[in-house]
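>>> What follows is a predicted protein model with its sequence.
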Amino acid sequence: MPETITLSFSQCANQLTTHFNNTQSARLFRDPSRSDAFIHILPKSNQNSRTISNLYPRSILYDYSNGSGALDPYTYFEEKPEIKTSFEIIQTLPSISMTEFQKNVQNGIIDGNGINGQRTSYWSDFSKVTYDPRAVITHPTYVYDEQTGEGRGKNLPDSKFQLHEIGVESFNNVNKIRDSVDDIARKMFENSGNVNQLNSVVELDSSWSGVCSESLKYIIDDQLDGKSSKIVLWSLQRDTKYVDDMNLVSKMDRIEKLITFANLDLSGIVMMNLDIDIGSNSLWEKTAFLSVPYDQFNDVELNCDLTEIMYKLTDSSSKNFITNIDTLWNDDSIQKMGVNGIFITQQQRKPHIFSKSIVKSIEDCKDFSKCSDNTPKYLINEYKLRHEYEYVDSMPEIMKDKKPLASSLSVDDTLKTDFTNMKNYVSRYCRNDKREELKDTLDNLREGYINGFEFSDEEDDY
């Protein structure tokens, strides 16, 4: 059976991953006889026994030092270690108490009341799965600020965990982060046995991008025999209105982040919008909605997998960045969850769609399958879902009556403008700077999104 491992970097990424794992766990308990339930879930048995003792998601979570909220990593899994020496407890961070929902999950109580207005600031607040405590890796010197959603220095609150290079340094200098890919990730690959896909979920506008990119480089060489095409990156990021307000350093940092991921030559880079309009600023609610297309594209029939979908969608990886994500709901509404560009807010125009992939639970969704008039039909690929969607009580109640019928990913030519603007930005601010070399890479990325033959940038139709 093919298996999928997930690496999740940051609080918002872990919230999306936890929504997804809650869904996987609910499906398993509804029908334990289905072997495909173990694609994302790792069964563990006692030594010399064929009895399953625990179920762990095939996920490794990276977060801030307080990122697991009220979760005691030993509570669900094992006895607390015995401390034989006396010590003095020094309280450095505010204590976080468990919610009723967490207590019920811990005690195995399913009351059907769900979250009901309880705290949902941390992924552990609504997690219904038990993660292997060794697979929850926390950064020792940065804490999560639930008010701003940012990471800040534990001892230096003005120090933000934002720039890519800080993440690279964290990977190289923080032993438990560096060791996690050599130890925890390797063991997860060995225990899985037949990994044919790796999902990496990351918050782009944070230093977790650096931890993510360095981790993927190591895993590509150590576990995937150099086959980066087995990896799909899911980038959670703010829309271009957020980028418009960035300073020079932050804009250059975003360019370098995007180029770093482009150079990894992954199967695909799906860009999900953390600024989606759902009538709420709650990260828990936003990631719940974003988890729907994520779940559906990871739930295609077993004769196909996500990397195969990406290969067709991205034209053999020449158009790696995917910014269009749509979900069709049972009320016939289509919700857009992708970003409006990746660098500078663009004027609205009708884009040329190169290709589109649709996963669906219904036979007929003609309106949802439309592309531009000049998009060949063979570039519109449709796939069937294995499971019907069912509401999980850890999700927002607003989703209880909403049923997703299909989701789509599509690639269009709007990124041509983004890469052109990035190149111009580098040319303007990085003269006689080693970063000026980025222009060639941006030029190559831009060429992948050109529709037809163009003589020069001046003839682009913005």
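Arrived safely, thanks for sending. Numbers count the residues shown, from 1 in each chain.
>>> Quickly note the distance from L379 to M337.
Going from L379 to M337 by C-beta to C-beta, to the nearest Å gives 21 Å. To be clear about C-beta, it is placed using only N, CA and C from the backbone, and glycine gets the same treatment.
>>> same question, P293
6 Å.
>>> what packs against the lengthiest helix in the chain?
Taking DSSP state H as the criterion, the chain has its longest helix at helix 11-30. Here helix 11-30 touches strand 3-9, strand 41-45, strand 52-57, strand 59-64, strand 195-203, strand 231-237, helix 283-297, going by 3 or more C-beta pairs under 8 Å, 6 or more residues apart in numbering; DSSP states H and E.
>>> Out of the ones you listed, the one nearest R386 is which?
helix 283-297 (9.9 Å; C-beta to C-beta).
>>> what helices or strands is the closest one leaning on?
In terms of contacts (3+ C-beta pairs under 8 Å, 6+ apart), helix 283-297 is packed against helix 11-30, strand 231-237, strand 268-273, strand 324-329, strand 353-360, strand 404-412.
>>> just so I know, which of the ones you listed lies nearest K176?
Between the helices and strands packed on helix 283-297, helix 11-30 lies closest to K176; by C-beta to C-beta that is 16.5 Å.
>>> and that closest one, which residues are buried?
Within helix 11-30, the residues scored as buried using 16 or more other C-beta atoms under 10 Å are 11-28.
>>> Please tell me I have it right and N194 contacts E3.
Yes. At 5.5 Å, N194 counts as touching E3 under the criterion of C-beta atoms under 8 Å.
>>> So between those two, which is more surrounded?
E3 (20 against 9; other C-beta atoms under 10 Å).
>>> where does the stretch 351-462 of the chain dip in pLDDT?
Within the stretch 351-462 of the chain, the ranges that satisfy pLDDT under 70 run 364-367, 369-378, 452-462.
>>> What ranges does it have for its helices?
In the stretch 351-462 of the chain, the helices defined using DSSP state H, counting those that start in this stretch lie at 415-429, 438-447.
>>> what residues does the first one touch?
If I follow you right, that is helix 415-429. 248, 251-252, 255, 258, 319, 321, 323, 341-344, 346, 435-436, 438-439, 442-443, 445-446, 449-451, 457, 460, 462 (C-beta atoms under 8 Å, 6 or more residues apart in numbering).
>>> Among those, name the buried ones.
Applying 16+ other C-beta under 10 Å to the contacts of helix 415-429 flags 251-252, 255, 258, 319, 321, 323, 341-344, 346, 438-439, 442, 445-446, 449, 451 as buried.
>>> one step back: name the residue in L379 and M337 with the higher neighbour count.
Each of L379 and M337 has its neighbours counted (other C-beta under 10 Å); M337 has more, 22 against 17.
>>> which residues sit in contact with S407?
S407 touches V292, P293, Q296, F297, I325, D326, T327, L328, I358, V359, K360, counting by C-beta under 8 Å, 6+ apart.
>>> Okay, it and G279: tell me how far apart.
20 Å.
>>> helix/strand/coil for S95?
coil (DSSP: H, G, I helix; E, B strand; the rest coil).
>>> contacting residues around it?
Applying C-beta under 8 Å, 6+ apart, no residues qualify as near S95.
>>> Then the one 5 residues further on?
For E100, the set of contacting residues under the criterion of C-beta under 8 Å, 6+ apart consists of Q118.
>>> residue nearest the centroid of the protein?
V201 (2.5 Å; C-alpha atoms, centre = their mean).
>>> Across the sheet, point out what pairs with that one.
For V201, the beta-bridge partners under DSSP bridges are S8, W234.
>>> Assess the claim that it and L7 are in contact.
Yes. Under the criterion of C-beta under 8 Å, V201 makes contact with L7 at 7.3 Å.
>>> Tell me where the model's unsure across the stretch 201-350 of the chain.
If you take pLDDT under 70 as the line, the stretch 201-350 of the chain has these spans: 348.
>>> if you set the cut-off to 90 instead, what comes out?
240-241, 301-305, 315-318, 331-332, 340-341, 344-350 (pLDDT under 90).
>>> same thing with the stretch 1-150 of the chain?
1-2, 28-38, 41-55, 70-118, 130, 133.
>>> 70 instead, please
Looking along the stretch 1-150 of the chain with the criterion set at pLDDT under 70, you get 45-53, 72-94, 110-113.
>>> Number of residues surrounding I184?
17.
>>> Could you measure from S228 over to K217?
Counting by C-beta to C-beta - S228 and K217 are separated by 9 Å.
>>> Now do the shared contacts for these two.
Common neighbours of S228 and K217 (C-beta under 8 Å, 6+ apart) are L264.
>>> Phi first, then psi, for Y311.
Here is the backbone geometry of Y311 (degrees, to the nearest 10): phi -60, psi -40.
>>> Please save the CA atoms from stretch 399-417 in PDB.
Below are the C-alpha coordinates for stretch 399-417, written out as PDB (Å, rounded to 0.1, in the frame of the first residue of the first chain):
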ATOM      1  CA  MET A 399     -19.200  24.000   8.100                       C
ATOM      2  CA  LYS A 400     -21.700  21.500   9.400                       C
ATOM      3  CA  ASP A 401     -24.200  22.000   6.600                       C
ATOM      4  CA  LYS A 402     -21.600  22.700   3.900                       C
ATOM      5  CA  LYS A 403     -20.600  19.800   1.800                       C
ATOM      6  CA  PRO A 404     -17.700  20.100  -0.700                       C
ATOM      7  CA  LEU A 405     -18.600  18.400  -4.000                       C
ATOM      8  CA  ALA A 406     -15.300  19.100  -5.800                       C
ATOM      9  CA  SER A 407     -12.100  21.000  -5.600                       C
ATOM     10  CA  SER A 408      -9.800  22.200  -8.400                       C
ATOM     11  CA  LEU A 409      -6.200  23.400  -8.900                       C
ATOM     12  CA  SER A 410      -5.300  25.300 -12.000                       C
ATOM     13  CA  VAL A 411      -2.300  27.000 -13.500                       C
ATOM     14  CA  ASP A 412      -2.600  30.300 -15.500                       C
ATOM     15  CA  ASP A 413      -0.400  33.000 -16.900                       C
ATOM     16  CA  THR A 414      -0.800  35.700 -14.200                       C
ATOM     17  CA  LEU A 415       2.500  34.600 -12.500                       C
ATOM     18  CA  LYS A 416       4.300  35.900 -15.600                       C
ATOM     19  CA  THR A 417       3.600  39.400 -14.300                       C
END
